[in-house]
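A.B. asks: Provided below for reference: sequence and predicted model.
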Amino acid sequence: MPAVDVVEDFASFREYKTWYRVIGDLKSVKVPLVAVHGGPGCTHDYLESISDIAATGRAVVFYDQIGNGRSTHLPEAGPDFWTVDLFLEELDNLLDHLGIRQRYNLLGQSWGGMLGSEHAVRQPQGLNGIIIANSPSSMKAWVEGCLELRKKLPQETQDALSRHEADGTYDHPDYQAASQVFYERHVCRLQPMPDFVKRTFDWIDRDPTVYHTMNGPTEFHVVGTLKDWTVVERLHRVQAPTLVISGAYDEASPATVGEFADRIPGARWEVFEASSHMPHVEERGSYMAVVADFLARLD
Ligand SMILES: N=C(O)[C@@H]1CCCN1
């Protein structure tokens with residue numbers, strides 16, 4: 001593969017900084033792909049396998065959303081600061097900073113797909129195509145799906161989760177260990193998880209502000225400000241070609257992912273049968289082939 005340019009820098013956003021990395025040439029004839037990470041409050045690191053797409057001659061943009069990673073941290077900011085509109089404004093600001101507002105693709109994973117759908121329902125002119133990967137269309141359905149998966153865990157694991165959630169003792173080693181049982185089945189089945197995936201979890205451990213404020217202590221115990229979020233009734237507004245992705249063992253249930261496929265006009269749904277929440281890691285080769293093919297048809 002010929003050498004590909006890599007540029008890392010910051011985009012000024014309000015009085016803050018958004019860190020980003022561009023792999024490839026944003027002026028290529030192939031429309032660039034912007035990867036939008038999940039959480040909220042994760043970092044781009046666990047999505048780094050998506051840089052494989054750059055080998056096709058398409059520029060790939062990663063960024064750390066404000067609040068974690070290499071971007072500005074704001075541990076003192078309260079719940080009213082961390083809003084969907086903040087992250088929508090940050091994404092628009094980055095697109096403008098990179099000069100790609102008029103032609104770009106989005107790949108949003110988990111929360112990133114939630115944010116991407118909020119972006120897409122606003123019918124931005126430059127959105128060439130969108131991939132909504134492993135995302136809920138409503139947090140109510142997300143939690144319902146996770147609870148069904150919890151019922152299939154060993155009884156002692158279920159008991160530990162329920163006991164510590166009732167007591168609010170989320171830092172207890174038994175709650176952490178029980179959560180890990182769920183995560184290894186429904187978040188990333190590749191064990192040990194690759195270092196680039198672990199780096200995101202380490203960032204959340206260092207600064208859980210956004211994740212705890214908007215989501216909660218774990219993927220399945222959603223008590224944060226996003227707990228009533230839904231985009232279901234607005235999905236018919238999406239005009240951009242859409243690919244929906246999930247894993248057969250995904251914590252994102254078919255019921256909540258399926259709303260994207262059912263309600264977005266012309267959307268196609270791809271399920272990765274050996275994956276859970278991270279098919280871009282768990283089935284990396286076939287995932288990149290599906291994504292590259294979808295995007296190539298839109299250039
Ligand atoms: N990993 C994620 O982004 C999920 C989405 C909803 C709660 N966290």
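C.D. replies: Sure thing, it's come through.
A.B. asks: the strands in the stretch 101-250 of the chain, which residues?
C.D. replies: Applying DSSP state E, counting those that start in this stretch to the stretch 101-250 of the chain gives strands spanning 104-109, 127-133, 242-247.
A.B. asks: just put these in TSV and tack on mean pLDDT, mean neighbour count and distance to the ligand.
C.D. replies: Quick note: C-beta positions are derived from backbone N, CA and C, even for glycine. TSV is the format used below for these (pLDDT from 0 to 100; neighbours: other Cβ atoms under 10 Å; distance: least, Cβ to the nearest ligand atom, whole Å):
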stretch	mean pLDDT	mean neighbour count	distance to the ligand
strand 104-109	99	27	7
strand 127-133	99	26	10
strand 242-247	98	26	12
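A.B. asks: residue 160 reaches residue 173, doesn't it?
C.D. replies: No - Residue 160 is beyond contact range of residue 173, at 9.8 Å (criterion: Cβ atoms under 8 Å).
A.B. asks: pick out whichever of those two has more residues nearby.
C.D. replies: The residue with more neighbours, out of residue 160 and residue 173, is residue 160; 21 against 10, by other Cβ atoms under 10 Å.
A.B. asks: burial count for residue 186?
C.D. replies: Residues near residue 186, counting by other Cβ under 10 Å, number 24.
A.B. asks: look up the closest residue to it, ignoring the ones flanking it.
C.D. replies: Spatial nearest neighbour of residue 186, excluding adjacent residues (Cβ to Cβ, 6 or more residues apart in numbering): residue 251 at 4.1 Å.
A.B. asks: distance of that neighbour from residue 38?
C.D. replies: With distances defined as Cβ to Cβ, to the nearest Å, the gap from residue 251 to residue 38 amounts to 11 Å.
A.B. asks: give me the more crowded residue out of the two.
C.D. replies: Legend: neighbour count by other Cβ under 10 Å for residue 251 and residue 38, higher for residue 38 (27 against 24).
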